[in-house]
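Q: sequence and predicted structure below; questions after.
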Amino acid sequence: MPPRPFTLDPILHLDTVEVARLELCRVLLMRDQTYPWLILVPARAGLRDLDDLDDDHQHLVMGEISATSRALKTVFSPHKINVAALGNVVEQLHIHVIARFKNDPAWPAPVWGAHPAVDYPDAQRSATVDKIRGALAKPGPGVRCV
């Protein structure tokens, strides 16, 4: 029997826009202009937790988390990068990579539930995606866009 195809969870599909496809993960921009917020989704069916990845893919996802963190630092110069894999609402394995600033509305608390999401205006969303995509396209150790 062939493996199940990868499909993006419907909630992630509604809440994000695709930025790039790395070797393992889809890189998605959260539709919330309050925080530069990326979500990495390993493009493999049936994953719920990080330990569902084999050893090689665990190393690969860590490299992709680092690459997206560097891209956010390059584009936005945040004070801190937060990384989390919760999955309590969306069970599909996904990793949040969020640029944080001392003056953001949730600082220093977590962003979840701090306030309702405010989507980007179309032009600003497109420009943000282009900037992040450009930063991801720069050569980095062990990561490549596909």
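A: Good, I have the coordinates.

Q: every contact and neighbour count from this point should use C-alpha atoms.
A: Fine.

Q: tell me the helices in the chain, going along the chain?
A: 10-15, 55-76, 122-137 (DSSP state H).

Q: out of those helices, which is closest to residue 29?
A: Taking C-alpha to C-alpha, helix 122-137 is the member of the helices of the chain nearest to residue 29, at 7.3 Å.

Q: nearest residue to the spatially most central residue of the chain in space, please, no chain neighbours.
A: The residue lying closest to the centre of the chain (C-alpha atoms, centre = their mean) is residue 39, at 2.0 Å. Using C-alpha to C-alpha, 6 or more residues apart in numbering and skipping residues adjacent in sequence, the residue nearest residue 39 is residue 96, 4.6 Å away.

Q: in the chain, where is pLDDT below threshold?
A: 1-2, 139-146 (pLDDT under 70).

Q: burial of residue 28, as a residue count?
A: Neighbour count of residue 28, defined by other C-alpha atoms under 10 Å: 24.

Q: contact partners of stretch 118-136?
A: Here stretch 118-136 makes contact (C-alpha atoms under 8 Å, 6 or more residues apart in numbering) with 19-20, 29, 31-34, 67-68, 71-72, 74-75, 145.

Q: just to revisit the earlier point, mind checking which of the helices of the chain is nearest residue 49?
A: Comparing the helices of the chain by C-alpha to C-alpha, helix 55-76 comes nearest, at 10.7 Å.

Q: quick check: angle from that closest one to helix 122-137?
A: 120 degrees (axes from the mean of the first three to the mean of the last three C-alpha atoms, to 10 degrees).

Q: in helix 55-76, what's buried?
A: 57, 60-61, 63-73, 75-76 (16 or more other C-alpha atoms under 10 Å).

Q: from those residues, pick the one nearest residue 5.
A: The closest of these to residue 5 turns out to be residue 57 (C-alpha to C-alpha; 17.2 Å).
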